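> Output the structure for:
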Amino acid sequence: MKQAVTGSSLPAPAGAYSPGIVAEGRLVFVSGQGPLRDGQIVHGTIEEETEIVLDNLRTIVEAAGATLADVVRVGVFLADLGDFAAMNAVYERVFPAPLPARTTVGAQLPGIKVEIDCVAVLPEAGG
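Purely as a prediction, here's the structure:
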């Protein structure tokens, strides 16, 4: 079973995908998020773009009923791997311990510096 994560505050998809999907009742798969606000790319430093991307992830995860503490896996895509340390400084500040498993790769991105996706596990009912 799968169900789309919905809500008026979610970032609008820039293509043919759902911002997030809840599968099997507890797994939340969040599509790669870029530095978009109101459907428009916000260009900035890698730190600024990372903050916006993580805010978008947080919004989707919370709309599904979880928090960033429930994120178990993250994929980070950087247009320039030289930006890793600056991105990582923002990332470390946003995610609580224990940090999720993570993969970071270089990628050709469409006019943005960073894209991040994640998987979260919804808390057990009543727990």
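
> Could you list the buried residues of stretch 94-109?
95, 100, 104 (16 or more other Cβ atoms under 10 Å). (Glycine included, C-beta is placed from N, CA and C.)

> Do me a favour and get the end-to-end distance for it?
End-to-end span of stretch 94-109 (Cα to Cα, to the nearest Å): 23 Å.

> Name the residues that touch it?
Applying Cβ atoms under 8 Å, 6 or more residues apart in numbering, the set of residues contacting stretch 94-109 from outside is 34, 51, 54, 58, 68-69, 71-81, 84, 87, 92, 115, 118.

> hmm, back to that, just the ones of the buried residues of stretch 94-109 in strands?
In this view, these that belong to strands under DSSP state E are residue 104.

> nearest to residue 16, of the buried residues of stretch 94-109?
If you rank those by distance to residue 16 using Cβ to Cβ, residue 104 comes first, at 25.7 Å.

> quick one: the closest one from residue 54, how far?
From residue 104 across to residue 54, the span is 14 Å (Cβ to Cβ, to the nearest Å).

> With residue 40 instead?
Applying Cβ to Cβ, the value for residue 40 to residue 54 is 18 Å.

> now swap in residue 102 and tell me
13 Å.

> Likewise for residue 17?
For residue 17, the distance to residue 54 (Cβ to Cβ) stands at 19 Å.

> When these two are compared, which one has more neighbours?
Using other Cβ atoms under 10 Å as the criterion, residue 17 and residue 54 rank with residue 54 on top: 23 against 10.

> Now name the helix or strand holding that one.
Assigned by DSSP states H and E, residue 54 belongs to helix 46-64.

> Check which helices and strands that helix sits against.
Secondary-structure packing of helix 46-64 (3 or more Cβ pairs under 8 Å, 6 or more residues apart in numbering; DSSP states H and E): strand 20-23, strand 27-33, strand 36-37, strand 71-78, helix 84-94, strand 114-121.
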